[in-house]
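[1] Mind folding the following:
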Amino acid sequence: MSAPRHQPSDEPVYRESAPVVRVSALRGGHCRLRLGAPSIAASIRPGQFVNVGPPGDSTLLRRPFGVYQTLDRTDIELLFKVVGKGTAALAEVSPGDELDIIGPLGNGFDLSEDFAETAVLVAGGFGVAPLYALAQALREKGSQTYLFVGTEEDVPVETSDSSMQLSFVDPDVKITLTDFEELGAVARVASMRHRPGFFHGLASELLERFLHHAGSGCNARVYACGPWAMLKRTAGIAAEYNLTCEVLLEERMGCGIGACMSCAVRLKGENGEPVYARACVEGPVFDAAIVDWDAK
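    Okay, the predicted model is just below:
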């Protein structure tokens, strides 16, 4: 059972010296990193994250990463993009190297309630990384899962052409994410550039089209991760259809354990006054209905 919404998790946190099992360079400067971390792998829930100490330079802060998937309940796999000195160092590790990691941290997606017949996942760019573990959990619960991703860059996971035709998009919109489709999820990728096989537009537009086609009787739940503007629009669409929506906020984190307050998020308090929560402790997943979307 997940922790109470927006309260610090009381679940155990582990510190492990995790051996590198595999590291793979992907297109667009992305990297896939598999680590042996049995305590974390056995207890982490979709939406939670780990804090990883970069190798070598002890002056670098730990880096927070959502877990892409767990394997054999002993390993975790991270998906990240090289954007600075810390992530560059992580991309250069070799099998057998060990990394100091802490986790699981934060609160993940709420999977304790009765699940919806349909789950719609919306991702902006690299926001797709923490949604694969969620898609796995939803499949186990029996939800039919849809994934809509918006990106102008290289997709950070393998893509292919789907053989499934969808009624709410043109038949030439067929690019899917292979990992997700192998789970039984329906996935499509959107771009504001004209790209063969992509939906021309935003991921939130795919969500709108899907819900409009499904009609008012659609029993769906929406989950999203990505840039603030995309999350705000996704939350608004979900509200229009009176659907529950959970968002994983990509806030910049310093310590990752709630001490530095650099990841504070403004929420709507019960009395109308703003309240603040730490994305690394009370989040990073929040009910979209209580996020103050005008805070940025």
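
[2] Identify each buried residue in stretch 168-182, please.
    Within stretch 168-182, the residues scored as buried using 16 or more other C-beta atoms under 10 Å are 169, 173-177, 179-181. For glycine as for every other residue, the C-beta is placed from the backbone atoms N, C-alpha and C.

[3] Dump these into JSON lines; add secondary structure, distance to Asn242 and pLDDT as well.
    Formatted as JSON lines, the buried residues of stretch 168-182 follow (DSSP: H, G, I helix; E, B strand; the rest coil; distance: C-beta to C-beta, whole Å; pLDDT from 0 to 100):
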{"residue": "Val169", "secondary structure": "coil", "distance to Asn242": "24", "pLDDT": "95"}
{"residue": "Val173", "secondary structure": "coil", "distance to Asn242": "27", "pLDDT": "96"}
{"residue": "Lys174", "secondary structure": "coil", "distance to Asn242": "31", "pLDDT": "96"}
{"residue": "Ile175", "secondary structure": "strand", "distance to Asn242": "31", "pLDDT": "95"}
{"residue": "Thr176", "secondary structure": "strand", "distance to Asn242": "29", "pLDDT": "96"}
{"residue": "Leu177", "secondary structure": "strand", "distance to Asn242": "28", "pLDDT": "96"}
{"residue": "Asp179", "secondary structure": "helix", "distance to Asn242": "31", "pLDDT": "94"}
{"residue": "Phe180", "secondary structure": "helix", "distance to Asn242": "26", "pLDDT": "95"}
{"residue": "Glu181", "secondary structure": "helix", "distance to Asn242": "29", "pLDDT": "94"}
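
[4] Please identify which pair of the residues you listed lies farthest apart.
    Taking C-beta to C-beta, the two most distant members of these are Val169 and Asp179; they sit 20.5 Å apart.

[5] Show the residue spans covered by the helices in the stretch 101-250 of the chain.
    With helices called from DSSP state H, counting those that start in this stretch, the stretch 101-250 of the chain shows them at 131-141, 178-182, 203-214, 228-240.

[6] do you know how far Thr151 is from Gly258?
    31 Å (C-beta to C-beta, to the nearest Å).

[7] neighbour-wise, which of these two wins?
    Using other C-beta atoms under 10 Å as the criterion, Thr151 and Gly258 rank with Thr151 on top: 23 against 18.

[8] Can you list the low-confidence ranges for the chain?
    For the chain, the stretches with pLDDT under 70 are 1-8, 57-60, 113.

[9] got the domain boundaries for it?
    The chain breaks down into these domains under automatic domain parsing: 14-105, 118-249.

[10] Span of the last one from start to end?
    By that I understand domain 118-249. 22 Å (C-alpha to C-alpha, to the nearest Å).

[11] Gly197 is in contact with Asp161, isn't it?
    Yes. If you go by C-beta atoms under 8 Å, Gly197 and Asp161 touch, sitting 6.5 Å apart.

[12] Please verify my assumption that Thr244 contacts Ala224.
    No. The criterion here is C-beta under 8 Å, and Thr244 misses it with Ala224 at 11.7 Å.

[13] Pick out whichever of these two has more residues nearby.
    Ala224 (30 against 16).

[14] show me what contacts that one?
    Residues near Ala224 by C-beta atoms under 8 Å, 6 or more residues apart in numbering: 121-124, 127, 230-231, 234-235, 245-248, 288.

[15] mind running it again at 6 Å?
    Applying C-beta atoms under 6 Å, 6 or more residues apart in numbering to Ala224 gives the contacts 122, 231, 234, 247.

[16] roughly how far apart are it and Arg63?
    From Ala224 across to Arg63, the span is 22 Å (C-beta to C-beta).

[17] How about Leu206?
    30 Å.

[18] and the two? which has more neighbours close in?
    Counted by other C-beta under 10 Å, Leu206 and Arg63 do not tie: Leu206 has more neighbours, with 25 against 22.

[19] wait, doesn't that one sit right on Phe148?
    Yes. The criterion here is C-beta atoms under 6 Å, and Leu206 meets it with Phe148 at 3.9 Å.
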